[in-house]
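K.L.:
After the sequence you'll find the predicted model.
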Amino acid sequence: AGILFGAEIIWLTGLIAALGIRLWNYRRFVRAVRMNAVSISDGRIVVSEHSVSARLHMWKAPPVYESAFVSGPVTIGLWKPVVILPAPEESPDKAQGTQAGQSCPEKYHLIFHHELVHVARRDLWIKWLYQILLCIHWFNPLVYLFNRKFNIDCELACDEMVLTLLSEEGRKAYGNILLDVADKRDLKKSLRIHRNVPAMTLLEEKRTLKERLR
């Protein structure tokens, strides 16, 4: 009985520690993103998001911001999802508003297809539920090994739904956007920052790029 009680104490301690670390990482990431976030002022980007939102039969389009803290599009938030776009390099003065999308608004139209499909499918909820499962089974290495497969399958399922909404040319453009995000110099740094944070990104790992393009 004493051994069993000791094992329960160790398991409970690990559960609390694992959950606490994830919540702390998430709060730190969200705080850092929002501190650097600026509301999108380009009307064409806003209209594009609302168009995709209506196409997916969403009752409300999530707010859209830009932030220098992220290298690629990110969606965070369970009850109130928010889409964060990377701040354009050519516009260091964020107070003047973003210039993103002016030269290539269709790019953002495709990005919103990906991010809003995640929102419509409630993938963030599923991701958080799996994080809780990881905390409960913190001692089981197989659960952590499956975590990467889970994330890949989540992205592939999202891609599949997006492709059903696009024409042949749209699919090619979507693939080019994945290549563009993968080509960002600071992608590795950005992913390292929110590696253990439940958020939906356009590209989680470069290693999955070939499979997703195929």
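P.N.:
Yep, that arrived.

K.L.:
in this protein, which spans are helices?
P.N.:
Assigned by DSSP state H, the chain shows helices spanning 2-35, 43-55, 105-120, 123-136, 141-163, 168-182, 187-193, 209-213.

K.L.:
So which elements touch the fifth one?
P.N.:
Spelled out, it's helix 141-163. When contacts are defined as 3 or more C-beta pairs under 8 Å, 6 or more residues apart in numbering; DSSP states H and E, helix 141-163 sits against helix 105-120, helix 123-136, helix 168-182, helix 209-213. The way it works is simple: take the backbone N, C-alpha and C, and place the C-beta from them, glycine included.

K.L.:
winner for burial among those helices?
P.N.:
Among the helices and strands packed on helix 141-163, helix 105-120 has the highest mean neighbour count (mean count of other C-beta atoms under 10 Å), at a mean of 22.

K.L.:
got any ranges where this protein has weak pLDDT?
P.N.:
Where the chain drops to pLDDT under 70, the residues are 1, 89-105, 184-196.

K.L.:
wait, what's in contact with the residue nearest the centre of it?
P.N.:
Closest to where the C-alpha atoms of the chain average out (C-alpha atoms, centre = their mean) is Met200, at 1.8 Å. Applying C-beta atoms under 8 Å, 6 or more residues apart in numbering, we find Met200 in contact with Val74, Thr75, Ile76, Glu115, His118, Val119, Asp123, Leu124, Lys127, Cys158.

K.L.:
tally of neighbours for Trp24?
P.N.:
Neighbours of Trp24 under the rule other C-beta atoms under 10 Å: 10.

K.L.:
Sorry, wrong one. I was asking about Val74.
P.N.:
Applying other C-beta under 10 Å, we find 24 other residues in the vicinity of Val74.
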